[in-house]
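In: Would you be able to build a 3D model of this:
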Amino acid sequence: MFRTIEHSLFLGLIPVGTILIGGLIAVFFKLAKTIQSTILHFAAGVVFSVVAVEILPDVVRIHRPLQIILGFLTGVMVMLSLKFFIKTLEKKSERSIEKKSFPITLFIGIAIDIFIDGLLVGIAFSVGNKEGFLLTLAIGIELFSLGLATATSFREKAISKFKTILCIGLLSLIFLVSLALGITLLHNIKDLMLEFILSFGLSALLFLVVEELLTEAHEVKESPWQTSAFFAGFLLFLIMGMYL
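Out: Below is the predicted model of the structure:
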């Protein structure tokens, strides 16, 4: 179990910083699609490593199939519903008549996605310090790529740099709030409920890797170097997990 709520929130500043850095880079520089794809591959490998090495063994060790099945299926259903909702918002944003109009529907979808990320990190901290720390780093890399993508999308819609930076800052704040909520709500949770929540987090993170990070990474023609980034991320966090 995590040492203190304050300690966990302090570590939560890592993803807050990475989404800000990613957003600022995209505001002032235009990165090639291949570079963004490489980052997405790496982030997918990192998150998958944390899931496979740190979270999955805890779920298996619980050995209570009913709670695990219910939590896992709930996670899949929530993420599928969330994906459908966000896709609907993105389509509405794309149909906007004025190119310079603020993409509020797109922003709402991204905000919901980030809110879920914060809750997932809170779930990891409820398992232990090591799991929480590793997932914080993994989500931090994922949010770096999300910050890049968000700012790039806003640039294409001719949104001003000031508004873009303001929105990225608001998204980082949303993550911190959701992390605080997750940690606070799970601080004294009973073991029976923890099993449900842990399996929920497992399926949600797997969904994040397969349906979001890798799907977006494959939108451009990839090279062996980009594919290798996935395995590099997995191996890096596998080794880190051995020594932390």
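In: Low-confidence ranges, this protein, go.
Out: Residues of the chain meeting the criterion pLDDT under 70: 1-4, 92-101, 187-192.
In: which helix of it spans the most residues?
Out: helix 65-94 (DSSP state H).
In: Now that one: buried residues?
Out: 67-68, 71-72, 74-75, 79, 82-83, 86, 89-90, 93 (16 or more other C-beta atoms under 10 Å). The C-beta positions use only the backbone N, C-alpha and C, and glycine is treated the same way.
In: Okay, helices next: where are they in this protein?
Out: So, for the chain - with DSSP H - the helices run 5-11, 13-28, 33-50, 56-62, 65-94, 104-127, 129-156, 161-186, 191-207, 214-217, 224-243.
In: and for the last one, what are the contacting residues?
Out: Residues lying outside helix 224-243 but in contact with it, judged by C-beta atoms under 8 Å, 6 or more residues apart in numbering, are 34, 37-39, 41-46, 48-50, 52-54, 130, 134, 137-138, 141, 214, 217.
In: and if we set it to 7 Å?
Out: For helix 224-243, contacts defined as C-beta atoms under 7 Å, 6 or more residues apart in numbering pick out 34, 37-38, 41-46, 48-50, 53-54, 134, 138.
In: Would you reformat the buried residues of helix 65-94 as JSON lines and include distance to residue 237?
Out: Formatted as JSON lines, those follow (distance: C-beta to C-beta, whole Å):
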{"residue": "67", "distance to residue 237": "27"}
{"residue": "68", "distance to residue 237": "23"}
{"residue": "71", "distance to residue 237": "23"}
{"residue": "72", "distance to residue 237": "22"}
{"residue": "74", "distance to residue 237": "26"}
{"residue": "75", "distance to residue 237": "21"}
{"residue": "79", "distance to residue 237": "22"}
{"residue": "82", "distance to residue 237": "25"}
{"residue": "83", "distance to residue 237": "25"}
{"residue": "86", "distance to residue 237": "27"}
{"residue": "89", "distance to residue 237": "32"}
{"residue": "90", "distance to residue 237": "30"}
{"residue": "93", "distance to residue 237": "34"}
